[in-house]
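Peer 1: this one's structure only:
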């Protein structure tokens, strides 16, 4: 016999969104002192990861990789350029497109990243295989939620489950 569906709890401790939020803040907090030492914020570090992996890239492609809007990305790129880690220039074939390149100083930072990644990984206290499974699960969750979000017709909302009052 099937168990009846129970009402979703609305306590903070039982919210997946809060657990993800708290974990995100904790991991970024763990990165912060490591990145401060090399002159990067966490969002700037993510931009640098894209550039270290891909080399020169357009603002649009960086935004796509990081799931960020151009308006959010542009100030990050300006600060990275002011710090001497990247350079920006308009693409000759399309004046609307901006290419971002690593400077020698930006390329040199990459040599310090493996040690940072190792320290943060060690701080989790989790074995590499477990971290890989967790990352895979979170990537799957993100893809599923993004697909659901994209499938929602414009101007519609996801139905809200009925409220359950406490006894």
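Peer 2: Yep, it's here. Since this is a predicted model, take the numbers as computed values, not measurements.
Peer 1: leaving out the residues flanking it, which one is nearest to residue 101?
Peer 2: Once flanking residues are discounted, residue 101 sits nearest to residue 56: 4.6 Å by C-beta to C-beta, 6 or more residues apart in numbering. Heads up, the C-betas are built off the backbone N, CA and C, glycines and all.
Peer 1: phi first, then psi, for that neighbour.
Peer 2: phi -60, psi 140 (degrees, to the nearest 10).
Peer 1: check contacts around it.
Peer 2: 99, 100, 101, 102 (C-beta atoms under 8 Å, 6 or more residues apart in numbering).
Peer 1: in terms of pLDDT, where does it sit?
Peer 2: Note for residue 56: predicted pLDDT of 94.
Peer 1: where's it relative to residue 86, distance?
Peer 2: Using C-beta to C-beta, to the nearest Å, residue 56 is found at 10 Å from residue 86.
Peer 1: and residue 116, by the same measure?
Peer 2: Residue 116 sits 19 Å away from residue 86, going by C-beta to C-beta.
Peer 1: among those two, which residue is more densely surrounded?
Peer 2: For residue 116 versus residue 86, the count of surrounding residues by other C-beta atoms under 10 Å is larger for residue 86: 25 against 19.
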